[in-house]
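Engineer: Build me a model from this:
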Amino acid sequence: AFTPPANATPWLVGDPAFYKRLPAFCRVSAVSKPSPDSEIKIEVWMPASGWNGKFRGLGNGGFAGEIDWRALALAITQGYASAATDTGHAANAGEATWALGHPEKIVDFGYRAIHEMTAVGKAAAKGFYGDTPKHTYFAACSNGGRQALMEAQRFPDDYDGILAGAPANYWTHLLTSVLWDAQATTLDPNSYIPSSKIPAIAQAVVAACDANDGLNDGILNDPRQCHFDPSTMLCKGAGSDSCLTGPQAIALKKLYQGATDSRGRQIFPGFMPGGEEGQVGWPLYITGPAPAKALLFLSDYGYFADMVYDKADWDYKKANLDDALAASDKKFAAVLNSTDTNLKPFQARGGKLIIYHGWSDAVISPLNSINYYESVIQQMGKPDADSFLRLYMVPGMQHCFGGPGPDVFGENGFSISNDPQHDIYLALEQWVEKGTAPSSVIASKLEDGGADPKVKLSRPLCPYPQQAQYKGSGDPNDASNFTCETPKY
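Structural biologist: Okay, the predicted model is just below:
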């Protein structure tokens, strides 16, 4: 029997009753100390019987700091030996005070801990089963997507197949762009957009752009084709939640455009229209309950105060954006960024990599994943890249899950059907083990609540640059009435 720690974050635990139904398993708890200031906690869980011969490495969201107990439990119910880590510190994933004055812990967080976890996990599996895992996989989202790409780039021998979701791989620029967002929406108090205005913004975006893809369904198939102008929402009389003031319209336009330096060069792409509302939308991450209190801004403060400047009283309002970007890159580009486009060592050993990203992500611009994918093609050439790399853009999905679009396709360990057609993780395994490259993967949107939720919407996810196009007849909520086509624009 296993009982998760009482102080564990709820979403990393899930349903406590789940642990009472687990099969018998061997649990290894380890601590790795690659530096004098390292304290990397590692958990390896291995089913006592019915091992499928595979190893699954798990990643972390945010600034890490905790073990993902739910993902470990899920892995052993599916027959995998699996490992997870806190990456070397104990903390809530949203704060970085642990980093202040601890450069080696930042290195552990940056890349060392996942590699250590992988080595310990493989060794534990060999010791317990008497055999090396036949295949090894890594799957994670957000910072976990950054970790995933870091493994492919820095440790190409660690994994045979890697699933990278919404990767925060351009970390130094991503966090600098959040500083830009914070300043754009709060330096002038009149620029702040309260969360109460987000529903009206979302409705205006849908009204302006939803029909672009041929369907009025509340989902923007490719938000790059949406040229929504915030000035169309300017208040004509007294201000209300249904309109924007002049400063708010300017701030909103900046959020869509993305951060630029003093010379107008893009630091990081902006947010896409269409992902404003929802459980993991702008009210949680961007607008927040009050100015500079959204999750992204709190994380950004931790990054610059506790990592970049080692100054707990750092003031974002006084920060110069160009200086902050230069300091961020100088100190951490080599430690935290996983933007290397030369993946030839990973390709040469037969590794396969799938990246996915929600078009409605309110944390990391989906354009970042497209930029990275295209930069790998430019570096390696399309034939070589196509031999091991795929990108799937998910219309209407927010950060790792949620949003108006379909968001269940095996990326988080669950799918409606246990086959490669509906499960992108199993599609990755099939690619690695059988050489069958993935084509489209069917994603589903489930009804809320209930032990056995029903599918209310399904769509094919197409390998980029293809997109799902409605055939023009049949139920638009059924994936069978769509085809994958390369857009002509």
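Engineer: residues in contact with the strand or helix carrying residue 296?
Structural biologist: Using DSSP states H and E, residue 296 sits in helix 295-303. With C-beta atoms under 8 Å, 6 or more residues apart in numbering as the test, helix 295-303 has contacts from 62-63, 94-97, 99, 175, 178-179, 181-182, 284-286, 288, 314, 316, 328, 363. Just so you know, the C-beta spots here come from the backbone N, C-alpha and C atoms, and that holds for glycine as well.
Engineer: Repeat the analysis, applying 7 Å as the threshold.
Structural biologist: 62-63, 94-97, 175, 178-179, 182, 284-286, 288, 316, 363 (C-beta atoms under 7 Å, 6 or more residues apart in numbering).
Engineer: and these, which of them are in helices?
Structural biologist: 175, 178, 179, 182 (DSSP state H).
Engineer: Of these, which pair is most distant in space?
Structural biologist: 175 and 182 (10.8 Å; C-beta to C-beta).
Engineer: right, and the helix or strand after the helix or strand bottoming out on mean pLDDT in the chain?
Structural biologist: Counting by mean pLDDT, DSSP states H and E, the chain has its least confident helix or strand at helix 295-303, which shows a mean of 93. Going down the chain from helix 295-303, the next helix or strand is helix 321-336, by DSSP H and E.
Engineer: For that following helix, give the mean pLDDT please.
Structural biologist: Taken as a whole, helix 321-336 has an average pLDDT of 98.
Engineer: same thing with stretch 177-189?
Structural biologist: Rounded mean pLDDT across stretch 177-189 is 96.
Engineer: Identify the residues contacting it?
Structural biologist: So stretch 177-189 is contacted by 191-193, 247, 251, 254-255, 258-259, 267-268, 286, 291-292, 296-297, 300, 304, 316-317, 319, 321, 324 (C-beta under 7 Å, 6+ apart).
Engineer: give me that answer again for 8 Å
Structural biologist: Counting by C-beta under 8 Å, 6+ apart, 191-193, 247, 251, 254-255, 258-260, 267-268, 286-287, 291-292, 296-297, 299-300, 304, 316-317, 319, 321, 324 sit against stretch 177-189.
Engineer: residues of that stretch that come out buried?
Structural biologist: 177, 178, 179, 180, 181, 182, 183, 184, 185, 186 (16 or more other C-beta atoms under 10 Å).
Engineer: same question, stretch 288-297
Structural biologist: Neighbour-count burial for stretch 288-297 [16+ other C-beta under 10 Å]: 288, 291, 292, 294, 295, 296, 297.
Engineer: before we move on, back to that, tell me what angle the least confident helix or strand of the chain forms with helix 321-336.
Structural biologist: Counting by axes from the mean of the first three to the mean of the last three C-alpha atoms, to 10 degrees, helix 295-303 lies at 80 degrees to helix 321-336.
Engineer: Now the buried members of the contacts of helix 295-303.
Structural biologist: Judged by 16+ other C-beta under 10 Å, buried ones among the contacts of helix 295-303: 62-63, 95-96, 175, 178-179, 182, 284-286, 288, 316, 363.
Engineer: As TSV, those residues with distance to residue 379 would be great.
Structural biologist: What follows is those, written out as TSV (distance: C-beta to C-beta, whole Å):
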residue	distance to residue 379
62	29
63	30
95	36
96	32
175	25
178	27
179	29
182	33
284	35
285	31
286	32
288	38
316	35
363	26
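Engineer: of those residues, closest to residue 169?
Structural biologist: Distances from residue 169 to the buried ones among the contacts of helix 295-303, taken by C-beta to C-beta, are shortest for residue 175, at 12.2 Å.
Engineer: Verify the stated contact: the closest one with residue 306.
Structural biologist: No - Residue 175 is not in contact with residue 306 according to C-beta atoms under 8 Å; the separation is 11.7 Å.
Engineer: which element is residue 185 on?
Structural biologist: Here residue 185 is assigned to helix 171-186, by DSSP H and E.
Engineer: mind exporting that helix as CSV, just the C-alpha atoms?
Structural biologist: Extracted C-alpha coordinates of helix 171-186, given in CSV (Å, rounded to 0.1, in the frame of the first residue of the first chain):
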residue,chain,number,x,y,z
TRP,A,171,13.3,29.5,-21.1
THR,A,172,15.4,32.7,-20.9
HIS,A,173,13.4,34.4,-23.5
LEU,A,174,10.0,33.0,-22.3
LEU,A,175,10.5,34.4,-18.8
THR,A,176,11.8,37.7,-20.2
SER,A,177,8.6,38.0,-22.3
VAL,A,178,6.5,37.5,-19.1
LEU,A,179,8.3,40.6,-17.7
TRP,A,180,7.3,42.4,-20.9
ASP,A,181,3.7,41.3,-20.4
ALA,A,182,3.8,42.4,-16.7
GLN,A,183,5.1,45.9,-17.6
ALA,A,184,2.7,46.3,-20.5
THR,A,185,-0.3,45.6,-18.3
THR,A,186,0.6,47.2,-15.0
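Engineer: C-terminal to it, what's the next element?
Structural biologist: Next element after helix 171-186 (DSSP H and E): helix 198-209.
Engineer: just the CA coordinates of that following helix, formatted as PDB?
Structural biologist: This file holds the C-alpha atoms of helix 198-209, laid out as PDB (Å, rounded to 0.1, in the frame of the first residue of the first chain):
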ATOM      1  CA  ILE A 198     -11.900  38.200 -20.400                       C
ATOM      2  CA  PRO A 199     -15.300  36.700 -21.400                       C
ATOM      3  CA  ALA A 200     -16.100  39.700 -23.600                       C
ATOM      4  CA  ILE A 201     -12.700  39.600 -25.200                       C
ATOM      5  CA  ALA A 202     -13.100  35.900 -25.900                       C
ATOM      6  CA  GLN A 203     -16.500  36.500 -27.400                       C
ATOM      7  CA  ALA A 204     -15.200  39.300 -29.600                       C
ATOM      8  CA  VAL A 205     -12.400  37.100 -30.900                       C
ATOM      9  CA  VAL A 206     -14.800  34.200 -31.700                       C
ATOM     10  CA  ALA A 207     -17.100  36.600 -33.500                       C
ATOM     11  CA  ALA A 208     -14.300  38.000 -35.600                       C
ATOM     12  CA  CYS A 209     -12.500  34.800 -36.500                       C
END
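Engineer: How far off centre is that helix?
Structural biologist: Computed by C-alpha atoms, centre = their mean, to the nearest Å, the chain-centroid distance of helix 198-209 equals 24 Å.
Engineer: Other residues contacting that helix?
Structural biologist: Under C-beta under 8 Å, 6+ apart, the answer for helix 198-209 is 193, 218, 220, 223, 225-230, 232-233, 241-244, 252, 273-274, 276-277, 281-283, 287.
Engineer: Flag the shaky bits of the stretch 301-450 of the chain, pLDDT-wise.
Structural biologist: 449-450 (pLDDT under 70).
Engineer: and the buried residues of stretch 288-297 as JSON lines, adding distance to residue 121?
Structural biologist: Output for the buried residues of stretch 288-297, formatted as JSON lines (distance: C-beta to C-beta, whole Å):
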{"residue": "288", "distance to residue 121": "37"}
{"residue": "291", "distance to residue 121": "43"}
{"residue": "292", "distance to residue 121": "39"}
{"residue": "294", "distance to residue 121": "35"}
{"residue": "295", "distance to residue 121": "30"}
{"residue": "296", "distance to residue 121": "32"}
{"residue": "297", "distance to residue 121": "35"}
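Engineer: which two of those lie the greatest distance from each other?
Structural biologist: 291 and 295 (13.8 Å).
Engineer: Now for residue 86, how many residues are close by?
Structural biologist: 23 (other C-beta atoms under 10 Å).
Engineer: Quick check: it touching residue 64?
Structural biologist: Yes - judged on C-beta under 8 Å, residue 86 makes contact with residue 64 at a distance of 6.1 Å.
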